[in-house]
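Asker: Only the shape, not the letters, is given here:
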């Protein structure tokens, strides 16, 4: 029996187009496990893969969707059986391998994680790679000494997917959160997630020639990179850490080594794609306990497979707030 998927094709002029098409199980790439997908979501990488490709997609036709959650239909691997609820993020699924914008997916068992108790597949995709990355960043900051009552934790790009979940998790854990956004209309939304301070993007994105400024932040989750990350490094408290999760503001880092040498600041790189299995399980278990579900619900924008071509363009323009959850069966 056929099923629906968002298929991206490329013509001879290398122009891509995306549409919902019907596929057969035989069309899927080989994998150990076939999953009946229930929900997926929209991340920045998905926007690239739906549209221009961004160098991520090498072969067409292609089914994007770097995240999905659903129920195992069949498995050649003894770790999973029919009926098991599973989550997949990363491993270049949706880029090099067909992904979750489909009612069926065929993947390696190594790429899956059991859905933790207390989470539905819809909630897992409201979390998705963005929320998973946010949790990895929180864990890294805590592993490097972040403590409550040592001052505010800065979250840059706070109205985006990673920033929204990071803000909610940190606030729920009892940290004071300072949220950076370039969208004044997002202030109420960020306050509702638990932010106690709203910092205008222009205020912290101004360039400075001073390698050190006043010690302002006990920690930082940075989704922006570029000039903003360079500025933030000089504002960290002694021994504090910055978890770098994104590059919305650019790949460059026009900084000096002074904050590392004189304030013992740590710059922590956060990768969600190739995370080892045990740390993935740890992060998902923390998500189930430390992310308030009412706050998660307030981030959700529902969507269907047919909405994805437009949403892919919008997220590349920075016009998507919170988390878009895709019901692939709607």
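Answerer: Okay, I see it. Values in this document were obtained by computation on a predicted structure and should not be read as measured data. Numbering: from 1, shown residues only.

Asker: Backbone torsions only: list them for the residue nearest to residue 135 when sequence neighbours are not counted.
Answerer: In this structure, residue 135 finds its nearest non-sequential neighbour in residue 283, 4.6 Å apart by C-beta to C-beta, 6 or more residues apart in numbering. For the C-beta atoms, the positions are set from N, CA and C on the backbone; glycine is no exception. In terms of degrees, to the nearest 10, the main-chain angles of residue 283 are phi -70, psi -40.

Asker: pLDDT wise, what is residue 283 at?
Answerer: Residue 283 is assigned 98 on the pLDDT scale.

Asker: so how far is residue 230 from it?
Answerer: In this structure, residue 283 and residue 230 are 28 Å apart, going by C-beta to C-beta, to the nearest Å.

Asker: again, but for residue 46
Answerer: Taking C-beta to C-beta as the measure, residue 46 falls 28 Å from residue 230.

Asker: what does residue 86 give?
Answerer: Counting by C-beta to C-beta - residue 86 and residue 230 are separated by 40 Å.

Asker: Also residue 129?
Answerer: From residue 129 to residue 230 the distance is 25 Å (C-beta to C-beta).

Asker: which of the two has more neighbours?
Answerer: Between residue 129 and residue 230, counting by other C-beta atoms under 10 Å, residue 129 is the more crowded of the two (23 against 19).

Asker: And what about the spatially most central residue of the chain, helix, strand or coil?
Answerer: The centroid of the chain falls nearest to residue 130 when counting by C-alpha atoms, centre = their mean (1.4 Å). Secondary structure assignment for residue 130 (DSSP: H, G, I helix; E, B strand; the rest coil): helix.

Asker: Settle this for me: it is touching residue 323, isn't it.
Answerer: Yes. At 6.6 Å, residue 130 counts as touching residue 323 under the criterion of C-beta atoms under 8 Å.

Asker: Please identify every residue contacting each of these two.
Answerer: 41, 161, 164-165 (C-beta atoms under 8 Å, 6 or more residues apart in numbering).

Asker: Columns distance to residue 183, neighbour count and pLDDT on top of the residues you listed, output as a markdown table?
Answerer: Converted to a markdown table, the shared contacts of residue 130 and residue 323 look like this (distance: C-beta to C-beta, whole Å; neighbours: other C-beta atoms under 10 Å; pLDDT from 0 to 100):
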| residue | distance to residue 183 | neighbour count | pLDDT |
| --- | --- | --- | --- |
| 41 | 20 | 30 | 97 |
| 161 | 14 | 29 | 87 |
| 164 | 12 | 30 | 92 |
| 165 | 17 | 31 | 94 |
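
Asker: Farthest pair within these?
Answerer: Largest separation among the shared contacts of residue 130 and residue 323 by C-beta to C-beta: 41 and 164, giving 12.3 Å.

Asker: quick one: residue 39 is in a strand?
Answerer: Yes. Counting by three-state DSSP, residue 39 falls inside a strand.

Asker: Good, wrapping up.
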